[in-house]
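Asks: let me see the structure of the following:
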Amino acid sequence: MGLKYIVTLFVCLFGMAACRQEGKNSSASVPNAWYRNSIVYNLDVDIFKDSDGDGIGDFKGLTQKLPYLDTLGVDVIWLSPFQPTPDKDDGYDVSDYYGIDPRLGTMADFEAFISASKKHNIKIIMDMVLNHTSIEHPWYQMARADSSGKYRNRYVWSKKKPKDFDKGMVFEGFQSETWSYDEVAHRYYFHRFYDFQPDLNYQNKEVQQEAIKVLRYWSAKGIKGFRLDAVPFIIDVPESGAANPAKMFGVLDSIVSGAKSIDRQTLLLGEANVAPKENLDYFGEKGNRLQMMFNFYVNQYLFYSMAEGKTETLIDALNDTRQKPLPSQWAYFLRNHDEIDLGRLSKSQRNKVYEKFGPELNMQLYNRGIRRRLAPMLHHMEQIKMAYSILYSLPGMPVIRSGEEIGMGDDLTLAERLSVRTPMQWDSTKNAGFSTAKKTFRPVISMGDYAYQKVNVAAELKDHQSLLNFIKKLIAIRKSIPEIGTSDWQILKLKNDAILAIEYQTPSGKIITVHNFGNKAAEVEIPITGAEKVLVGNQKSIKNGKIKIPAYGQLWLKK
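Replies: Sure, this is the predicted structure:
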């Protein structure tokens, strides 16, 4: 056997081992990026805290509440849109990419907030709506009047009404078309969302450059990342049809590169509710596109598993989304500011979730989702705590929505997704301590089991058994074991399909998390010695290598 053959064989074997190592997503190779284990808290400035008594939250009020978020354990605040807007879609209809909605304060107020957040070591990321603008945006007003085409080409137009004009709507039941006629332009314009939100044309290089300019502007202001809204729609080619539109991933490459041109550590967190087979297209082969995406796929099967009391489909979803480039990371969540999207479940699975968590038509939305907060959906406090225990034990970055940490309710009298966007409940004083105004711009929940007199921050801080204190504990534990966000993991095979057990292999030992999705106590055998440290749960649950776990019980162990 010649030396050349031996060297070649060694190189091949080494290469195979490296490939296997990358496939396992080994912790030894995972980059130490700031976002990988951050605790993220999403909020709307206008419903968080009003500082001047006009009934609308503002940046000064938010700044006042930074100590609360700090003690909660928050590392990152994700701000919902705060730029100028006609506010027909709760700020997602932006009319000026470079300003601050005057209802929320001034640029000086924003800059003071950024400065104060740094003192609390809290990073700020912002929602960035690049797919569309408001119909009142100056760009659109120039585009509709510009027959020469220079500005008109910033949006998507058609001389004739496309055959699939009534396909591809995002808001089913509230939209009737995606192509609408403009009386000034004498053309049909494309809009994935409402007709007052025309889509920008990213086939136009000038639009791409404008998007990058906007990202660079806010990065220079101190923003550390962007939650990119509706990423698949940014890179769609509308003319290629609504059913299976062509994608311009080169546009995504340009946007990501441009966003990082001021700060290489800038985070791009994508809202891309796509099938698992498409994930790599958005992450990039080497993790060179979006560093993070929300794991909508796991979220949907998590709710189905909670509805069914069985974990098989959730386990499949976790495994289906396991593979990703090493620099990339998943963002996991329970509830966000939108509906719970169940669109990837089968019809029978979706109906099961509806039956359990949203049985009334008024609780459902867009023929695919549920517009309720978590607490009134689950109602059972132990199941709520189990859900949050799962969230903070999943192999990614946990994201929580404001008010969820105290178990706030929803207001189903409000339109569409506004039901879960009610003012924060700080205490039992007038308007829940949110505002001193006679009337708030959106009503505070003041009736029923979730009224602010019963559910508020001040009361729960005093109650050691409250949901708020439970979540504070979970966050502290999660931050003490960052290996969850970087380590190899496996789902343990058990004989009880109501139990989910995940084992993390870390340099310092094993971490095992166990959750009972069933409404009955269960006993399972797990490879443990009994000497493990209990981080969450009860030490008495462990005996002779077996774990007795109550209905909706949770147990975190560290070897």
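
Asks: for P102, grab phi and psi.
Replies: The phi/psi pair for P102 (degrees, to the nearest 10) reads phi -60, psi -20.

Asks: and Q490, what element?
Replies: strand 488-491 (DSSP states H and E).

Asks: CA atoms of that strand as CSV?
Replies: Taking C-alpha atoms only, strand 488-491 is exported to CSV below (Å, rounded to 0.1, in the frame of the first residue of the first chain):
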residue,chain,number,x,y,z
ASP,A,488,-26.2,17.9,20.4
TRP,A,489,-29.6,16.5,21.4
GLN,A,490,-31.8,13.5,21.1
ILE,A,491,-35.3,12.6,21.9
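
Asks: next structured bit after it?
Replies: Next along the chain after strand 488-491, taking DSSP H and E as the criterion, comes strand 499-506.

Asks: note down every partner strand of the strand holding Q490 and its orientation.
Replies: strand 499-506 (antiparallel) (DSSP bridges).

Asks: outside of the strand it pairs with, which residues touch it?
Replies: By C-beta atoms under 8 Å, 6 or more residues apart in numbering, the list of residues contacting strand 499-506 from outside reads 27, 305, 311, 314-315, 390, 393-395, 481, 483-484, 487-492, 494, 510-518, 522, 524, 526, 549. Bear in mind the C-beta positions are built from the backbone N, C-alpha and C, glycine included.

Asks: next one: stretch 439-447
Replies: 46-47, 50, 55-56, 408-411, 414, 418, 421-423, 425, 431-432, 434, 451-453, 455.

Asks: what does the average pLDDT come to for stretch 426-435?
Replies: Regarding stretch 426-435, the rounded mean pLDDT is 98.

Asks: can you give me the first-to-last residue distance of it?
Replies: 10 Å (C-alpha to C-alpha, to the nearest Å).

Asks: run the chain-centre distance for that stretch.
Replies: 27 Å (C-alpha atoms, centre = their mean, to the nearest Å).

Asks: and what of stretch 270-289?
Replies: The answer for stretch 270-289 is 15 Å, by C-alpha atoms, centre = their mean.

Asks: then stretch 381-399?
Replies: That offset, for stretch 381-399, works out to 14 Å (C-alpha atoms, centre = their mean).

Asks: list the buried ones in it?
Replies: 383-399 (16 or more other C-beta atoms under 10 Å).

Asks: restricted to strands, list those.
Replies: Among the buried residues of stretch 381-399, the members found in strands (DSSP state E) are M397, P398, V399.

Asks: could you find the closest non-adjacent residue to Y98?
Replies: Distances taken as C-beta to C-beta, 6 or more residues apart in numbering put Y217 closest to Y98, at 6.0 Å, once the chain neighbours are dropped.

Asks: hang on, the one you found packs against M107?
Replies: No - counting by C-beta atoms under 8 Å, Y217 stays clear of M107, with 11.4 Å between them.

Asks: before we move on, the earlier item: buried ones from the contacts of stretch 439-447, can you make that a ChimeraX selection?
Replies: In ChimeraX, this line selects whichever of the contacts of stretch 439-447 come out buried by 16+ other C-beta under 10 Å:
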select :46,47,50,55,56,408,409,410,411,418,421,422,423,425,431,432,434,451,452,455
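
Asks: among the contacts of stretch 439-447, which lie within helices?
Replies: Using DSSP state H to define helices, no part of the contacts of stretch 439-447 is located there.

Asks: what are the buried residues along the strand holding Q490?
Replies: D488, W489, I491.

Asks: quick check, nearest of the residues you listed to D87?
Replies: Closest approach between the buried residues of strand 488-491 and D87, by C-beta to C-beta: W489, at 42.8 Å.

Asks: show the contacting residues for that closest one.
Replies: P395, I502, E503, Y504, Q505.

Asks: is it in a bridge, and if so with what?
Replies: The partner residues for W489, given DSSP bridges, come to Y504.

Asks: measure it to N319 for me?
Replies: The spacing between W489 and N319, counted by C-beta to C-beta, to the nearest Å, is 10 Å.
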